[in-house]
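[1] quick one: sequence plus predicted model below, questions after.
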Amino acid sequence: MNPIRIPELYCPANTAISPFVDEAILQVREWIIRFKLIPHYLLAKYESQRFVHMTARFYPKITLTRLVLLSKFFTLLFLSDDELDHESNRKSQSFWREFAQQFMGVISGDLYFPPGSGNPAFEALTDCWSDMRRLSSLAWQRKFAESLKQMYRAAFWENANLVEGKRITIAEYIQLRQYLGAANIATDAIEFAYPDLHLPGEIMELPQIYTMVEKCRDTICWANDLFSLAKELEHGGVHNLVMLIQAEQGLSLRRAIAETVRKHNNDVLEFLSSWKSIAGEGVHRSIVNEMALRLLNLMRGNIDWSVMDTSRYYGFSFADVPLSPKIHIID
């Protein structure tokens with residue numbers, strides 16, 4: 001299969017990564033081995049996916065302690081997603097719901113899995129989440145828990161579609177995609193990564209801030225749909241914007257890819273427009289700017305990790321298409 005050619009994605013931010021990435025890799029690897037999360041023969045495959053690099057690119061100014069904890073948490077999400085995505089589990093609603101119920105039980109504090117309880121994944125989650133709770137506010141924990149519930153509700157929706165063979169619309173997919181990809185988890189984790197970044201309530205309620213967060217999540221997902229397209233085509237996936245555009249609008253694969261790139265780039269422009277409309281005024285200007293930069297880190301970090309670091313995606317390359325529009329890079 002020839003590589004799928006993708007026009008370059010627009011993201012006006014410089015590449016950045018935490019200087020603690022190598023130390024975090026060692027700590028997370030020791031934790032994975034201690035909790036026996038991955039069979040030894042699969043460790044090399046896990047390490048080639050470089051989940052710690054993803055976290056280090058998402059939050060390049062994070063402390064080592066918080067980088068390690070978020071890397072552990074995201075690793076668990078990836079590993080459980082891979083497990084739940086196995087064909088043998090796709091049609092088992094009871095498997096999905098029992099797993100989600102136990103996961104959320106740990107997050108709420110209702111369930112506790114000590115070492116040796118016989119469930120490595122939830123033992124590791126208990127260990128990681130206990131440390132995250134000590135370093136975060138109750139308000140953030142409740143917000144984060146609600147985001148996890150949204151993620152699982154979207155997963156149930158996707159699983160039901162696969163079981164029933166349901167054809168979904170682009171509109172349905174756009175509405176739920178940020179939760180399917182856990183992009184909402186990534187944006188909500190900004191407050192954990194940077195505990196000194198506090199946006200007052202009156203700022204968080206601004207429609208421009210809402211738009212910035214939503215567009216950040218969306219662009220992460222559209223980029224992911226492009227990078228994972230070859231794998232989706234190979235394994236018969238259907239929850240992918242490129243494939244939905246191709247089917248619903250009757251386009252060639254090449255045109256559908258171009259439309260997805262166009263949507264990605266337009267959403268980036270809408271993010272920038274919303275930021276510009278509020279960044280220049282008011283006493284909270286520096287806080288708004290800081291939040292916008294942290295969101296840009298997620299958008300750029302997702303692209304850089306997907307292209308430069310992980311083995312999770314394959315079968316694509318960037319086409320030699322000029323990047324448009326031209327806007328200066330934001331540090």
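    Great, that's in hand. Residues are numbered from 1 along each chain as shown.
[2] which strand or helix spans the closest residue to residue 31 other than its chain neighbours?
    Spatially, and ignoring its direct neighbours in sequence, residue 31 is nearest to residue 72 (5.9 Å; CB to CB, 6 or more residues apart in numbering). Every C-beta, even on glycine, is put in place using the N, C-alpha and C of the backbone. Using DSSP states H and E, residue 72 sits within helix 64-84.
[3] returning to what we had before: tell me who's in contact with the residue nearest to residue 31.
    Going by CB atoms under 8 Å, 6 or more residues apart in numbering, residue 72 touches 28, 31, 124, 128.
[4] burial count for the nearest residue to the first one once chain neighbours are set aside?
    Translated: residue 28. Computed as CB to CB, 6+ apart, the closest residue to residue 28 that is not its neighbour in sequence is residue 71, at 5.0 Å. Number of residues near residue 71 (other CB atoms under 10 Å) recorded here: 27.
[5] what's the separation between residue 71 and residue 39?
    Going from residue 71 to residue 39 by CB to CB, to the nearest Å gives 20 Å.
[6] helix, strand, or coil at residue 5?
    Secondary structure, DSSP: H, G, I helix; E, B strand; the rest coil: residue 5 is strand.
[7] tally of neighbours for it?
    For residue 5, the count of nearby residues is 13 (other CB under 10 Å).
[8] pLDDT below threshold where in the stretch 51-200 of the chain?
    82-92 (pLDDT under 70).
[9] same thing but 80
    81-96, 199 (pLDDT under 80).
[10] all helices of it, in order?
    Listed in chain order, the helices of the stretch 51-200 of the chain (DSSP state H, counting those that start in this stretch) span 51-58, 64-84, 87-90, 93-108, 120-134, 138-164, 170-180, 183-188, 190-193.
[11] pull the number of nearby residues for residue 215.
    By other CB under 10 Å, the residues close to residue 215 number 23.
[12] quick one: contacts for it?
    Residues near residue 215 by CB under 8 Å, 6+ apart: 267-268, 270-271, 274.
[13] which secondary structure element contains it?
    Assessed by DSSP H and E, residue 215 sits inside helix 207-227.
[14] continuing past that helix, what's the next helix or strand?
    If you walk from helix 207-227 toward the C-terminus, the next helix or strand you reach (DSSP H and E) is helix 229-235.
[15] from the contacts of residue 215, which land in helices?
    267-268, 270-271, 274 (DSSP state H).
[16] what's the closest of those residues to residue 47?
    Nearest to residue 47 among the ones in helices among the contacts of residue 215 is residue 268, at 31.2 Å by CB to CB.
[17] in a markdown table: the contacts of residue 215, plus distance to residue 218 and neighbour count.
    Formatted as a markdown table, the contacts of residue 215 follow (distance: CB to CB, whole Å; neighbours: other CB atoms under 10 Å):
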| residue | distance to residue 218 | neighbour count |
| --- | --- | --- |
| 267 | 5 | 22 |
| 268 | 9 | 24 |
| 270 | 9 | 16 |
| 271 | 9 | 25 |
| 274 | 13 | 21 |
